[in-house]
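Enquirer: the following block contains a protein sequence and its predicted model.
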Amino acid sequence: MTETANLGLAHFLGQSDAVGKTLLAILLLMSFTSWLLIARKGLMQFLRKRRSAAFLDFFWNATSLYEVQAEISTHGVNEPFAHLSAHAMHAKAHHAKYGAAKLAEAGSEQEFLTRTIKKVLDEETMQLESGLTLLATIGATAPFVGLFGTVWGVYHALVAIGMSGAGTLDKVAGPVGEALIMTGLGLAVAIPAVMAYNWLARSNRVLTARLDAFAFELLSFLTLGQTLRGTEPAAPNVHAMPVRAGA
């Protein structure tokens, strides 16, 4: 009974050599990194979704872009839709005041707005995808790191059989146990990383599609919107342009 109790995880790991312990350390580091990314990205996704819903509700129920701009100036930008709106409104006001003063501002107002919106969309996409490459790499490589540990453990088992001349359980239990542990650890690291990557990638695609649709609405409104009271259009003024109700 005592001998069986001694054949635990610590016993198997205690028989590992430098290679086995190095592989174990790599798997533990990969697991820690993936769970840190999952927690961070998951929390950011939750906050981004809640803040975006609140801003969109305010935006489409505001009476003018002046009200939207005042809200952004007061509470700042903490989600993609407010970020896009702030840059688009600033670009319109800037072009109306200074025109194409620099090469980066060349073209009509609509062209300048289109470039500004595209730049913001690219920035948001890059921010959404940050960390996903590392998560995908961990999910793809962790099973192979565990497999390498498995092969190394089986190799030790064969060496033990060759040196003893008999394949008794006490000779191969340690190396085979080490091999199985490495296999299990590799899968335990990879499965959460792959599932989290798929979830985050889908969430990002949904958010990006919504952001693209909002960008089209925002561009159409900024270039075709009417004045607040429906009078004849005056000089371009971002403060005088109403926001349509409804998303």
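Expert: Cool, got the structure. Numbers count the residues shown, from 1 in each chain.

Enquirer: which strands and helices lie in contact with the top helix by length along the chain?
Expert: Ordering each helix of the chain by length in residues (DSSP state H) puts helix 169-224 first. Judged by 3 or more CB pairs under 8 Å, 6 or more residues apart in numbering; DSSP states H and E, helix 169-224 is in contact with helix 9-14, helix 18-61, helix 80-98, helix 109-129, helix 132-164. Where C-beta positions appear, they are placed from N, C-alpha and C, glycine not excepted.

Enquirer: state the pLDDT value of residue 142.
Expert: Predicted confidence (pLDDT) for residue 142: 93.

Enquirer: that older thread, so the longest helix of the chain versus helix 109-129, what angle?
Expert: 160 degrees (axes from the mean of the first three to the mean of the last three CA atoms, to 10 degrees).

Enquirer: residues in contact with stretch 145-162: which ones?
Expert: Applying CB atoms under 8 Å, 6 or more residues apart in numbering, the external contacts of stretch 145-162 come out as 17, 19-20, 23-24, 26-27, 30, 167, 171-172, 174-187, 189-190.

Enquirer: actually stretch 115-131, not the one I wrote
Expert: Here stretch 115-131 has contacts from 37, 40-41, 80, 83-84, 87-88, 91, 107, 204, 207-208, 211-212, 215, 218-219, using CB under 8 Å, 6+ apart.

Enquirer: got a quick ChimeraX command for the buried subset of the residues you listed?
Expert: Selection of buried members from those for ChimeraX, criterion 16 or more other CB atoms under 10 Å:
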select :37,41,80,83,84,87,88,91,204,207,208,211,215,218,219
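
Enquirer: low-confidence stretches in this structure?
Expert: Counting by pLDDT under 70, the chain has low-confidence residues at 1-15, 94-107, 160, 164-175, 225-247.

Enquirer: these two touch, right, residue 218 and residue 87?
Expert: No - Residue 218 is not in contact with residue 87 according to CB atoms under 8 Å; the separation is 10.0 Å.

Enquirer: thank you, goodbye.
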